[in-house]
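Engineer: Structure for the following, please:
(6 chains)
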Protein chains: 4
Amino acid sequence: MARPSQKEERRRQIVAGLLRTMAQQGYAGATVATIAREADLTPGLVHYYFDSKQAILLALMQGIGRGVLGRFEERLERAGDDPWKQLFALTDALLERDPTGGTAPLQAGWLVIAAEAIHQPAVREEYSRMLFALVDRIDGLLRGVLKSEGRSTRSSRSLAAAIAAAIQGVYQLDAAAPSASKPGSSAPALRHMVEGLVAAQPGRR
Amino acid sequence: MARPSQKEERRRQIVAGLLRTMAQQGYAGATVATIAREADLTPGLVHYYFDSKQAILLALMQGIGRGVLGRFEERLERAGDDPWKQLFALTDALLERDPTGGTAPLQAGWLVIAAEAIHQPAVREEYSRMLFALVDRIDGLLRGVLKSEGRSTRSSRSLAAAIAAAIQGVYQLDAAAPSASKPGSSAPALRHMVEGLVAAQPGRR
Amino acid sequence: MARPSQKEERRRQIVAGLLRTMAQQGYAGATVATIAREADLTPGLVHYYFDSKQAILLALMQGIGRGVLGRFEERLERAGDDPWKQLFALTDALLERDPTGGTAPLQAGWLVIAAEAIHQPAVREEYSRMLFALVDRIDGLLRGVLKSEGRSTRSSRSLAAAIAAAIQGVYQLDAAAPSASKPGSSAPALRHMVEGLVAAQPGRR
Amino acid sequence: MARPSQKEERRRQIVAGLLRTMAQQGYAGATVATIAREADLTPGLVHYYFDSKQAILLALMQGIGRGVLGRFEERLERAGDDPWKQLFALTDALLERDPTGGTAPLQAGWLVIAAEAIHQPAVREEYSRMLFALVDRIDGLLRGVLKSEGRSTRSSRSLAAAIAAAIQGVYQLDAAAPSASKPGSSAPALRHMVEGLVAAQPGRR
DNA sequence: TATGAATGAGCTTTCATTCAT
DNA sequence: AATGAATGAAAGCTCATTCAT
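Structural biologist: Below is the predicted model:
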């Protein structure tokens, strides 16, 4: 009972190693050897803690999910009861750019994961799971907003999906063509997009 | 003279082979052997027409760029003089889902390309080039809209980037988690988002 | 009967192409495609005139043999009856460095050929044939010298082989480490070596 | 701890495998697979110990350098103070033919290396380095001889280069056309050549 | 004669994974 | 727990040679 979980600590190291290398070299380029080096371990030990490279990726995805949602829930408390503020607390949390550049690996990693989801069923499953969780969370907040505006919540889920898509899109641009968007401009732009979605009269134009 | 030159045709075959396999297996999974099989050629011949696998990818990107923009320019003619209609002609063209499922490879491929752009400099360059072209095109139409609404065009480029991001996001969701969004719901949702962007009072909220 | 021998001309081109590329890239590096390009032909045509790459090499060796010996025979006429002059006419001819650098390919090529002779039996055979011819020629002249000095010709063939070896050695150094020997210093040095061989009392020291 | 490190031993095996196969098949013919088989290893393992095939070659060259010079230094001690004996200790050591045929690979290998030096810059560099070391060593001994004979040492380096060339030439003949020279005849012939070089009056004949 | 498309065998190299220690 | 040697199955790419035109 000395160290409560060497094991968990080691796994965290490895997962972090994968994220860092993957964000720079892609998934295929993230060799087990590279991951190990980044985590200050040996290749053999990586396979002692994880059955396969894919297993590391899945663990990474779950870690990201917990981390990002966790960061948001903190903010939600500070948002009070205003539905708009709550919704924007979520979008802002997701789009926040770490000034130290620390989130770049996260966004790049996320893009890489999405690409892997296309052909790795296990990854797609986890990816979908996380995305549904996100859409559901957005949907919940969005319904609050719609109600407060006296609007129908009928198609709220579609709208939530659109918001999620927009967020993913910002990730993608930031990661793959960082020069295309001005830093700091995404969060406010997304707010206006969301306002547009909410204000829209179904069937208009 | 030797066999009549089918050089361009062959190259097209190979590029198409890459897109199809890449959309199903990712870039690393699209081996030269797979590409060749998909194009009904031998691996050696693939390298007769392209110096490297990466060269095929770059050719594919240029082909996609030409194809997508071409499809749009056709529609633009039908949109007449209404700035809103012109802008929506573009977004609709980009988001249109081929009912036969034919565009799925394109969107999946695009996501894979974005992921490769992260660590392959040549790909990133081409990716940025194409994205800039898209943002510029959106920007042009957006300015028309803003003027017609009597609004400032000062930050039009940021808005254009946001719109491009939203489109990329839809691609990503469609490719990696198709079940998350209802088919057909993206195009109208994007319209509303764009309206929101345009209607926004800078500095509000 | 129009052109007496297009064929021979073409073959000469190809052989020259092999020599040039081989002198720069080695035998393995001298691709049929490279040879063809250097000869301003197409790869297919190369195999129309030669059955195989090796066949070009063998033709090259014969061409070199004729060329080098031919150059020497010219000089021999000018050497008159002095046995020493005749012998040095040969060594000088072999060691002469083209001031335009034109013989560099020849020496480099010769070194490459020697290396191929190790494992290509057909090449080794031709190489030996040429070397024997050279040693025999040297031997003939050397006997003249030995007689004129009143010395035994018993071991003249060994001495001739040693002289041939020294010449090969100069080729090798010139080709692989040109900076090791001063240009122009080889021919006189070789003369002195030969003099030493001739002057030696068998069994001395 | 893992298996006890046999790193150096393994590297030696591989280098020896390269020398053996290279002496029989040339450098291009010495595939990594062949080398591995000769060393009783798998091809993958070869690349575990060496980054590239070229790296094995460079290691081989350094090994040869150390080995040959080492063999000579032993003899030098036995040569006492006589400058001639010292010089001949060197040439004899270099030309010594292992009666078991054991040095044949070495000489053949050396020829192959010289041929590679032509077009592989890294190999040329190492080759030059070794040759310079050899010429320098010869030069040192030669100066001793020249002084003891009361002769000028002005052009000793050129003479040393000529001696080195003659040695290389013997290697070449032995490797590529072993039948051309009688076994055992090279060492004495070289001695006489060297004597001729030393005895020569500069500018004579 | 001449072309250059096409083939297929083979090359070097990489890497996830296993395993003796 | 930990190491790093070892494996083997690919991968991308090259190239002599053939062949339809």
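Engineer: in chain A, what spans have low per-residue confidence?
Structural biologist: Along chain A, segments meeting pLDDT under 70 span A:1-4, A:98-103, A:201-205.
Engineer: Which residue would be the closest one in it to chain C?
Structural biologist: Taking CB to the nearest CB, chain C has its nearest neighbour within chain A at A:Gly29, 30.4 Å off. Yep, even glycine has a C-beta here, placed from its N, CA and C like the rest.
Engineer: what's the neighbour count on that residue?
Structural biologist: Neighbourhood size, A:Gly29 [other CB atoms under 10 Å in any protein chain shown]: 16.
Engineer: SS state for the nearest residue to it once chain neighbours are set aside?
Structural biologist: Counting by CB to CB, 6 or more residues apart in numbering or on different chains, B:His119 is the residue found nearest to A:Gly29 once chain neighbours are left out, at 6.0 Å. Classification of B:His119 using DSSP: H, G, I helix; E, B strand; the rest coil returns coil.
Engineer: give me phi/psi at B:His119?
Structural biologist: phi -120, psi 0 (degrees, to the nearest 10).
Engineer: what ranges do the helices span in chain A?
Structural biologist: With helices called from DSSP state H, chain A shows them at A:6-29, A:32-38, A:43-49, A:53-78, A:83-95, A:104-117, A:121-148, A:156-176, A:186-199.
Engineer: Walk me through the domains of chain A.
Structural biologist: A:1-50, A:53-199 (automatic domain parsing).
Engineer: Surely A:Gln172 touches A:Ala108?
Structural biologist: No. A:Gln172 lies out of contact with A:Ala108 (CB atoms under 8 Å); the separation is 9.6 Å.
Engineer: what does chain A put close to DNA strand E?
Structural biologist: Proximity of chain A to DNA strand E is confined to A:28-33, A:43-44, A:46-48, A:51-54 under the rule CB under 7 Å from any atom of the strand.
Engineer: Now with 10 Å, please.
Structural biologist: Residues of chain A found near DNA strand E (CB under 10 Å from any atom of the strand) are A:21, A:25, A:27-36, A:42-48, A:50-56.
Engineer: can you count the residues close to the residue in chain A positioned nearest to chain D?
Structural biologist: Across chain A, no residue is closer to chain D than A:Gly44, which sits at 7.8 Å (CB to the nearest CB). Neighbours of A:Gly44 under the rule other CB under 10 Å: 10.
Engineer: circling back: from the residues of chain A next to DNA strand E, keep the buried residues only.
Structural biologist: A:21, A:25, A:27-30, A:32, A:34-36, A:46-47, A:50, A:53, A:56 (16 or more other CB atoms under 10 Å in any protein chain shown).
Engineer: Out of the residues you listed, which comes closest to D:Glu9?
Structural biologist: Among these, A:Ala36 lies closest to D:Glu9 (CB to CB), at 25.3 Å.
Engineer: Surely that closest one and A:Gly17 touch.
Structural biologist: Yes. A:Ala36 is within contact range of A:Gly17, at 7.0 Å (criterion: CB under 8 Å).
Engineer: tell me, what's touching the two both at once?
Structural biologist: Residues touching both A:Ala36 and A:Gly17 (CB atoms under 8 Å, 6 or more residues apart in numbering or on different chains): there are none.
Engineer: quick one on the thing from earlier: Provide a list of residues in contact with the residue of chain A closest to chain C.
Structural biologist: Per CB under 8 Å, 6+ apart, neighbours of A:Gly29: A:21-22, B:119.
Engineer: Quick check: the gap between the closest residue to A:Trp84 other than its chain neighbours and C:Ala79.
Structural biologist: The shortest distance from A:Trp84 to any non-neighbouring residue, by CB to CB, 6+ apart, is to A:Val145 (5.8 Å). A:Val145 sits 108 Å away from C:Ala79, going by CB to CB, to the nearest Å.
Engineer: of these two, who's got more company?
Structural biologist: Set side by side, A:Val145 and C:Ala79 show more neighbours around A:Val145, with 23 against 17, by other CB under 10 Å.
Engineer: How about exporting stretch A:77-93 as CSV, limited to the C-alpha atoms?
Structural biologist: Extracted in CSV, the C-alpha atoms of stretch A:77-93 (Å, rounded to 0.1, in the frame of the first residue of the first chain):
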residue,chain,number,x,y,z
GLU,A,77,-20.6,27.2,-11.3
ARG,A,78,-19.4,30.7,-11.9
ALA,A,79,-22.0,31.2,-14.6
GLY,A,80,-25.0,31.5,-12.2
ASP,A,81,-28.5,31.0,-13.5
ASP,A,82,-28.4,32.9,-16.8
PRO,A,83,-28.9,30.3,-19.5
TRP,A,84,-27.0,32.3,-22.1
LYS,A,85,-24.1,32.6,-19.7
GLN,A,86,-24.1,28.9,-19.1
LEU,A,87,-24.1,28.1,-22.7
PHE,A,88,-21.3,30.4,-23.5
ALA,A,89,-19.4,29.1,-20.5
LEU,A,90,-19.3,25.8,-22.3
THR,A,91,-18.3,27.1,-25.7
ASP,A,92,-15.7,29.4,-24.3
ALA,A,93,-14.2,26.6,-22.3
